[in-house]
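*Asks:* no FASTA, just this:
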């Protein structure tokens, strides 16, 4: 079972899926479908969940945010929510202090710390900060396959 594709999902993907006029909307669905065809297991964090609710509400509507919540909480949801604990929060601090971009958030750094703790190497995100921190974007996974 070690060849199971385990993917962490970031806020920007949830927003892209929920907000039609998002810059990544048209890229997010085909990539999600490809990952589902590969029977990927999806993880996210409670921080990403909370951040996604807020951004979807602001960028689309409160109703869209409520729909997102309901879909994420369905028993058949493909997304498993991992809780960020104090150890992950503490591990995120040095990651944050090493960043050079003002656009890297604490949530991004908590994602990196959680992924390292859970031994996850691939993130479904369009944010290049993850690649700069040694993780593979899900998009890169398919670029490598097409090159082979």
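*Replies:* Perfect, thanks for sending it. For clarity, every value in this text was computed on a predicted model and none was experimentally measured.
*Asks:* mind listing the helices for this protein?
*Replies:* Taking DSSP state H, the helices of the chain run over residues 11-18, 25-37, 46-59, 62-72, 86-97, 106-117, 129-132, 138-147.
*Asks:* tell me the most buried of those helices?
*Replies:* When the helices of the chain are scored by mean count of other C-beta atoms under 10 Å, the highest mean neighbour count falls to helix 11-18 (a mean of 23). For every residue, glycine as well, the C-beta is placed using N, CA and C.
*Asks:* that one vs helix 25-37, what angle?
*Replies:* For helix 11-18 against helix 25-37, the angle by axes from the mean of the first three to the mean of the last three C-alpha atoms, to 10 degrees is 100 degrees.
*Asks:* and helix 11-18, what does it pack against?
*Replies:* Counting contacts by 3 or more C-beta pairs under 8 Å, 6 or more residues apart in numbering; DSSP states H and E, helix 11-18 packs against helix 25-37, helix 46-59, helix 62-72.
*Asks:* which other residues reach the shortest one?
*Replies:* Just to be clear, that refers to helix 62-72. Contact with helix 62-72 is made by 14, 18-19, 49, 52-54, 56-57, 77, 79, 81, as judged by C-beta atoms under 8 Å, 6 or more residues apart in numbering.
*Asks:* quick one: which two of those are the most distant?
*Replies:* Largest separation among the contacts of helix 62-72 by C-beta to C-beta: 19 and 81, giving 20.3 Å.
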